[in-house]
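Asks: this is a predicted model, with the sequence first.
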Amino acid sequence: MPATRRQFLSLAGSVTVAGTIPIVTMRPLEATPAMLSTAIRNVVGEASIRNGKVKLDIPPLVENGNTVPMTVSVASPMTATDYVKSIHVFNEKNPQPNIGNFYLNPASGRAQVSTRIRLADTQKVVAIARLSDDTFWQVAADVVVTLAACTEEVN
Amino acid sequence: MAALINVPAEARRGDVIEIRTLTSHIMETGFRHTMDGALVPRDIITSFTCRYNGTEIFRADLFPAIAANPYLSFFTVANESGKFEFEWIGDNGYSSTASASITVE
């Protein structure tokens, strides 16, 4: 009888373990708003960030978070004395808050960068531009994601 | 390894030209698990650089949030004929290069 009970318990235990695995693997790792602000502070430091100048083109609703087209452009004359040094893009709820850092210079001619990104959840995307006078400008966009990226299982 | 590069073959001096690049890479995020719970190790391209006749004109730090087969589009001023060189560097010693020529009148 103890043997059967033990067997039963071990069986029950293994079922529980097997049962928890999908929960563990499907639980999306999430960056928190605190991680987002930390990531932004790592780039910006103590400087203040103003709203404006930056334009973020991203679809407000995406069906597949695995490949979301994104264009960031900054209103800047891109002259030797007034240009965009870098563009930094962040997200709120991917496992990691960083998306990409893009470094430009006066010879870029136009402060615009396009790429394709992954979004793990419906969330906010933030683009920050650093100008040649070391001021920071930002814009945020909300994106609704139907099918999440990043944390799905590998078959 | 294959990369698609789109640079105008010709431009007038002073034109702002668009450069588009696409390279094939899995960009494994390092946040995915297999069916039995094992973490799939991260394998991404972390850095992209474009040089125009040896001078760096664009650079990017990439993170796992960049989609597979990274696409990048950016601009530069065409000021002399020459060569654009592209370099992708990533995890596990990944390195890939490509180049394109432009004639500027």
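Replies: Alright, I've got the coordinates.
Asks: contacts and neighbour counts: CA atoms only from here.
Replies: OK.
Asks: can I assume A:D121 is in contact with A:D142?
Replies: No. A:D121 lies out of contact with A:D142 (Cα atoms under 8 Å); the separation is 10.8 Å.
Asks: the two: which has the busier surroundings?
Replies: A:D121 (22 against 16; other Cα atoms under 10 Å in any protein chain shown).
Asks: most distant residue from the middle of chain B?
Replies: Going by Cα atoms, centre = their mean, the residue of chain B most distant from its centre is B:D36, 34.2 Å out.
Asks: stretch B:8-21: end-to-end distance?
Replies: Chord length of stretch B:8-21, first to last residue, is 12 Å (Cα to Cα, to the nearest Å).
Asks: typo on my end, it should be stretch A:95-114
Replies: Across stretch A:95-114, first to last residue, Cα to Cα, it's 22 Å.
Asks: how about it: buried residues?
Replies: A:95-114 (16 or more other Cα atoms under 10 Å in any protein chain shown).
Asks: what's the weakest-modelled helix or strand in chain A?
Replies: The weakest-scoring helix or strand in chain A, judged by mean pLDDT, DSSP states H and E, is helix A:2-26 (a mean of 51).
Asks: if we can go back for a sec, gap between the residue farthest from the centre of chain B and chain A?
Replies: Distance, B:D36 to chain A, by Cα to the nearest Cα, to the nearest Å: 7 Å.
Asks: try B:D91
Replies: In terms of Cα to the nearest Cα, B:D91 sits 16 Å off from chain A.
Asks: how near is B:V104 to B:R12?
Replies: In this view, B:V104 and B:R12 are 5 Å apart by Cα to Cα.
Asks: quickly list what's touching both of those two.
Replies: Common neighbours of B:V104 and B:R12, using Cα atoms under 8 Å, 6 or more residues apart in numbering or on different chains, are B:A78.
Asks: contact partners for whatever residue of chain B ends up closest to chain A?
Replies: Per Cα to the nearest Cα, B:T76 is where chain B lies closest to chain A, at 3.9 Å. When the contact criterion is Cα under 8 Å, 6+ apart, the partners of B:T76 are A:A107, A:S108, A:G109, A:R110, B:V16, B:I17, B:E18, B:I19, B:I57.
Asks: how about the residue lying closest to it once chain neighbours are set aside, what does it touch?
Replies: Distance criterion Cα to Cα, 6 or more residues apart in numbering or on different chains; nearest residue to B:T76, sequence neighbours excluded, is A:S108 at 3.9 Å. Contacts for A:S108 (Cα under 8 Å, 6+ apart) come out as A:M78, B:V16, B:I57, B:F58, B:F74, B:F75, B:T76, B:V77.
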